[in-house]
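Chemist: I need the structure of the sequence given here:
(one chain, ligands or ions: 1)
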Amino acid sequence: MVGNMEGLILQSMQRYNILPITSRCDSYCIFCSHHQNPPEVQTYSFGHRKYEDIIASLEYLDARKKIVIGESATKLIEGEPFLHPDFLDILKALRERFPKTQVSITTNGNFLHNDVVRSLKNLEPLEINLSLNAITPQNRRKLMGKRARDMEPVLKSFKKEGLVYHGSLVALPWLTGWEEITSTIESLQENNSSTVRVFLPGYTKLAAQEMQFPLNLWDDLDSFIKELRKKFQIPISLEPPRIKNLSSEITGVIKDSPAWKAGLKEGDIILRVNDNPVFFRVEAFQNVKKLSRMYLKINRAGQEMNLELQKEKDEAPGFVMDYDMAPETIDDILEIISRYRPERVLVLASYLGYQVLQKALEQYIPEGVKLYIQPVRNEFFGGSIMAAGLLVVEDFKVALREWNYNHSEKIELILLPAAAFDHTGRDLTGTSYWEIADYTDCPIVVI
Ligand code: SF4
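Modeler: Now for the predicted structure:
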């Protein structure tokens, strides 16, 4: 177990540039996934890592990429970093070793007293992701447990020190009222938060009754957030996004950012970056990010126009877009297809992502290759869960059995989403994707 844990910590650092600090948390959020997981899910709690161990492991981080603290990309449980007694010293050591690298910290804010916020100001460039959830103290305690602090003074302190931060909330309007979402966003805007991320709530089949809701709530939230975007200037993103198309549409623009100065607005669709056409959001964002000075052709409410955008190379442009499709995923799929040369490909995808994936692949798939996309139900987690990262081998087996039952076409290649597997090809229960091979005689590739 210890060897496995150390392996996961190093994997987290080397593959994702995530620095694990602690698995402990002082809060008890009713939406926290750790309270809803089926018992077969393999997660690893590592308590507080020792200061010496953390410092000794810094060599595994990449100075060229953002260093992330408080988020998990592996089976490690990430807790509240500021709960670690040495966290500020760890940050100072990190800053000494990586003087210019941006460090992103996700925190519930309970430990952010004025002196801590002042210390953080001296450790920039930082990006603080504040899990606010509710600005009204009683609603915050209702969602996050009795230790949840009043966040108004923390926001004021961030504003006073001029710290770069982003606020987030899991939207649970049946518990807090819709007005709580509006006032939380209002407070973040007033206190100079760069953006707000609103997370759609989710629940598994093991969630407490109070966490369960009718799924049309997601559509209601989508409409509600669209209305709030008209009311507030701060960019408000809804995650996971409710998008079904490929279009380089801007969701919001951060005040005083390069995109703001260039005159970009919410709702603009980027058509070209210099002379290069762009078709989807992540592609547009990446193309703009890597340049310093460029012309953008945009569509604003049906009118095409050109804008000039200037910034540092690799600096974030300051507009916010929903995440649709990584260009690398399309490149990888095309490369696999050119390697295997199949006539018929079956892609097993999540319910959340399959429509966008279908649109992207229809556009790029080589002639002569027939593509089938089968959405896979998250039976294992159940409830409202529909994400690729929470699919397990058993879900893929069920989907493949159903597909075989309903189709007679001979498939020559099956693609599975990489988000469902770790680097050894195992799902969240530790089952290898090779078990799916019992249901087919064609190659299976995780992409
Ligand atoms: S702050 Fe995060 S880790 Fe802690 S209980 Fe809430 S959701 Fe879970």
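
Chemist: which bits of the chain sit near the ligand?
Modeler: 25, 27-29, 32, 34, 79-80, 108, 131, 144 (Cβ under 6 Å from any ligand atom). Any C-beta I mention is one placed from the backbone N, CA and C, and that applies to glycine too.

Chemist: any regions of the stretch 51-200 of the chain where pLDDT drops low?
Modeler: Within the stretch 51-200 of the chain, no stretch has pLDDT under 70.

Chemist: would you map the strands across it?
Modeler: 67-69, 103-107, 126-131, 165-170, 196-199 (DSSP state E, counting those that start in this stretch).

Chemist: which strands and helices sit next to the first one?
Modeler: This points to strand 67-69. The contact analysis (3 or more Cβ pairs under 8 Å, 6 or more residues apart in numbering; DSSP states H and E) places strand 67-69 against strand 103-107.

Chemist: give the pairing partners of the strand it packs on; include direction for each.
Modeler: With DSSP bridges as the test, strand 103-107 is paired with strand 67-69 (parallel), strand 126-131 (parallel).

Chemist: related to what we said a few turns ago, among the residues of the chain next to the ligand, name the buried ones.
Modeler: Among these, those buried by neighbour count (16 or more other Cβ atoms under 10 Å) are 25, 27, 29, 79-80, 108, 131, 144.

Chemist: could I get those residues as CSV with distance to residue 350?
Modeler: Below are those laid out as CSV (distance: Cβ to Cβ, whole Å):
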residue, distance to residue 350
25, 27
27, 28
29, 24
79, 27
80, 29
108, 28
131, 24
144, 28
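
Chemist: quick one: which of the residues you listed sit in helices?
Modeler: Counting by DSSP state H, those place residue 144 in helices.

Chemist: would residue 404 count as being in a helix?
Modeler: Yes. Membership of residue 404 in a helix is supported by DSSP: H, G, I helix; E, B strand; the rest coil.

Chemist: so who does it touch?
Modeler: Neighbouring residues of residue 404 by Cβ atoms under 8 Å, 6 or more residues apart in numbering: 439-440.

Chemist: so it versus residue 349, what's the distance?
Modeler: When distance is defined by Cβ to Cβ, to the nearest Å, residue 404 is 17 Å away from residue 349.

Chemist: with residue 33 instead?
Modeler: Distance from residue 33 to residue 349, by Cβ to Cβ: 21 Å.

Chemist: and these two? Which one has more around it.
Modeler: Neighbours were counted for residue 33 and for residue 349 using other Cβ atoms under 10 Å; residue 349 has more, 22 against 18.

Chemist: from memory the more buried one sits against residue 391, does it?
Modeler: No. Using Cβ atoms under 8 Å, residue 349 is not in contact with residue 391; the gap is 9.1 Å.

Chemist: list residues touching both of these two?
Modeler: 376, 417.

Chemist: may I see the buried residues of stretch 412-430?
Modeler: Buried-residue list, stretch 412-430, by 16+ other Cβ under 10 Å: 412-418, 420-422, 425-428.

Chemist: kindly indicate which of those residues lies nearest the ligand.
Modeler: residue 428 (16.8 Å; Cβ to the nearest ligand atom).

Chemist: tell me the secondary structure at that closest one.
Modeler: Following three-state DSSP, residue 428 is assigned to coil.

Chemist: I'd say it and residue 75 touch.
Modeler: Yes. With contacts counted by Cβ under 8 Å, residue 428 reaches residue 75, the gap being 6.9 Å.

Chemist: shared neighbours, those two?
Modeler: By Cβ under 8 Å, 6+ apart, the residues touching both residue 428 and residue 75 are residue 42.

Chemist: who's in contact with the single nearest residue of the stretch 101-250 of the chain relative to the ligand?
Modeler: Among all residues of the stretch 101-250 of the chain, residue 108 sits closest to the ligand, at 4.0 Å; criterion: Cβ to the nearest ligand atom. Going by Cβ under 8 Å, 6+ apart, residue 108 touches 25-27, 80, 130-131, 144, 148.

Chemist: for the residue nearest to residue 365 when sequence neighbours are not counted, what are phi and psi?
Modeler: Distances taken as Cβ to Cβ, 6 or more residues apart in numbering place residue 371 nearest to residue 365, at 5.3 Å, with adjacent residues excluded. Main-chain torsions, residue 371, degrees, to the nearest 10: phi -110, psi 130.

Chemist: quickly note the distance from residue 371 to the ligand.
Modeler: Between residue 371 and the ligand the computed distance is 38 Å (Cβ to the nearest ligand atom, to the nearest Å).

Chemist: pLDDT wise, what is residue 3 at?
Modeler: pLDDT for residue 3: 60.

Chemist: no, scratch that, I was asking about residue 40
Modeler: Looking at residue 40, its pLDDT reads 93.

Chemist: tell me the contacts of it?
Modeler: 380, 429.

Chemist: ok, now how distant is it from the ligand?
Modeler: Distance of residue 40 to the ligand, computed by Cβ to the nearest ligand atom: 20 Å.

Chemist: let's verify that residue: helix, strand, or coil?
Modeler: Residue 40 ends up coil, using three-state DSSP.

Chemist: alright, that wraps it up for me.
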